[in-house]
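1. Sequence first, then the predicted structure:
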Amino acid sequence: MTEEFYRIWVYLSTEPLLGLTVTLVAYQAGMWVYSKGKLNPLLNPVLIAVVILVGLLMLTGTDYQTYFDGAKFVHFMLGPATVALAVPLYSQFQKVKSTFPVILASILFGSATAALSAIGIAWVMGASEQTLLSLAPKSVTAPIAMGIAEAVGGVPSLTAVLVILTGIIGAVIGPGVLNLFRIKDWRARGVAGGTASHGIGTARALQVSEVAGAFASLAMGLNGLATAILLPILLGWLF
């Protein structure tokens with residue numbers, strides 16, 4: 001039975017739609033668990049989907065490139081999905097406009113804190129300079145973070161992994177941390193999630209509140225812009 005399954009998988013793995021299909025099924029499984037758990041952040045659907053997909057690829061011996069050849073349509077849709085985040089932002093435009101100076105100051109401070117804290121902790125633990133440079137843009141959405149890492153001498157592939165881990169960890173523990181400090185304003189929670197956890201944190205914010213989702217969308221975009229401009233200058237001083 002195991003050998004027969006393996007033969008079927010080898011045949012199907014050559015089909016370009018397999019990667020897309022298993023990705024969508026894994027995410028739907030994650031969403032099912034997430035909904036059954038009453039939107040508990042510890043049951044983040046992205047985290048569950050990643051665990052399922054990694055386990056499946058390891059079990060079947062499928063290399064990443066073969067999987068990605070079929071799943072790259074999902075990667076392509078990240079662009080339109082990011083642009084679509086402007087919709088909730090537009091609907092909350094008046095609230096954003098009235099608090100924009102505070103939002104901007106929070107994002108600039110958050111951007112600097114995310115980079116410097118990561119560099120500082122990794123430096124204390126003995127990380128190499130290249131690792132520090134790869135780690136610095138971890139709180140920015142992947143395309144921007146990888147571009148920054150390449151420009152400053154980091155490893156873009158390592159940065160991509162760190163970005164995904166940061167987003168998942170932020171989406172999982174972020175709500176608990178905000179609750180611990182009794183931060184209940186959806187605007188503040190959205191800015192925190194978008195700044196610290198980029199797209200995954202923004203998706204989490206959208207699931208619980210339209211206001212939080214709108215502010216998270218703005219924070220994610222502005223944090224990417226601020227980091228792309230300021231981080232190379234900051235790293236030039238440090239290194």
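-> Thanks, I have it. Numbering: from 1, shown residues only.
2. Would you enumerate the residues in contact with residue 29?
-> 48, 49, 52 (C-beta atoms under 8 Å, 6 or more residues apart in numbering). C-betas here are computed from N, CA, C, even on glycine.
3. Looking at those, which one is closest to residue 167?
-> Using C-beta to C-beta, residue 49 comes nearest to residue 167 of the contacts of residue 29, at 12.7 Å.
4. Past the helix or strand where the closest one lies, which element shows up next along the chain?
-> Per DSSP states H and E, residue 49 falls inside helix 45-60. Downstream of helix 45-60, the next assigned helix or strand under DSSP H and E is helix 64-76.
5. Could you figure out how far that next one is turned away from helix 45-60?
-> Helix 64-76 and helix 45-60 are oriented at 160 degrees to each other (axes from the mean of the first three to the mean of the last three C-alpha atoms, to 10 degrees).
6. In PDB, list the C-alpha atoms belonging to the next helix or strand after helix 64-76.
-> Later in the chain than helix 64-76, the nearest helix or strand by DSSP H and E is helix 78-84. C-alpha atoms of helix 78-84 as PDB (Å, rounded to 0.1, in the frame of the first residue of the first chain):
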ATOM      1  CA  LEU A  78       0.500  38.100  -2.900                       C
ATOM      2  CA  GLY A  79       0.800  41.200  -4.900                       C
ATOM      3  CA  PRO A  80      -2.900  41.700  -5.600                       C
ATOM      4  CA  ALA A  81      -3.700  40.600  -2.100                       C
ATOM      5  CA  THR A  82      -1.400  43.300  -0.700                       C
ATOM      6  CA  VAL A  83      -3.000  46.000  -2.900                       C
ATOM      7  CA  ALA A  84      -6.500  44.800  -1.800                       C
END
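7. what's near enough to touch residue 155?
-> Contacts for residue 155 (C-beta under 8 Å, 6+ apart) come out as 130, 131, 134, 149.
8. hmm, try it at 6 Å
-> By C-beta atoms under 6 Å, 6 or more residues apart in numbering, the contact list for residue 155 reads residue 134.
9. Next one: it, what pLDDT does it get?
-> Looking at residue 155, its pLDDT is 92.
10. same question, residue 16
-> Listed pLDDT for residue 16 reads 62.
11. try residue 4
-> 59.
12. What of residue 152?
-> We note a pLDDT of 91 for residue 152 in this prediction.
13. From residue 19, how far out is residue 61?
-> Distance of residue 61 to residue 19, given as C-beta to C-beta, to the nearest Å: 15 Å.
14. all helices for this protein, in order.
-> Applying DSSP state H to the chain gives helices spanning 2-12, 17-36, 45-60, 64-76, 78-84, 86-91, 93-98, 100-124, 129-135, 142-152, 156-180, 186-208, 210-238.
15. which stretch in those has the least confidence?
-> Mean pLDDT per stretch puts helix 2-12 lowest among the helices of the chain, at a mean of 56.
16. ok, the residue nearest to residue 159 when sequence neighbours are not counted - how many residues close by?
-> Distances taken as C-beta to C-beta, 6 or more residues apart in numbering place residue 149 nearest to residue 159, at 3.9 Å, with adjacent residues excluded. Residue 149 has 27 neighbours, counted by other C-beta atoms under 10 Å.
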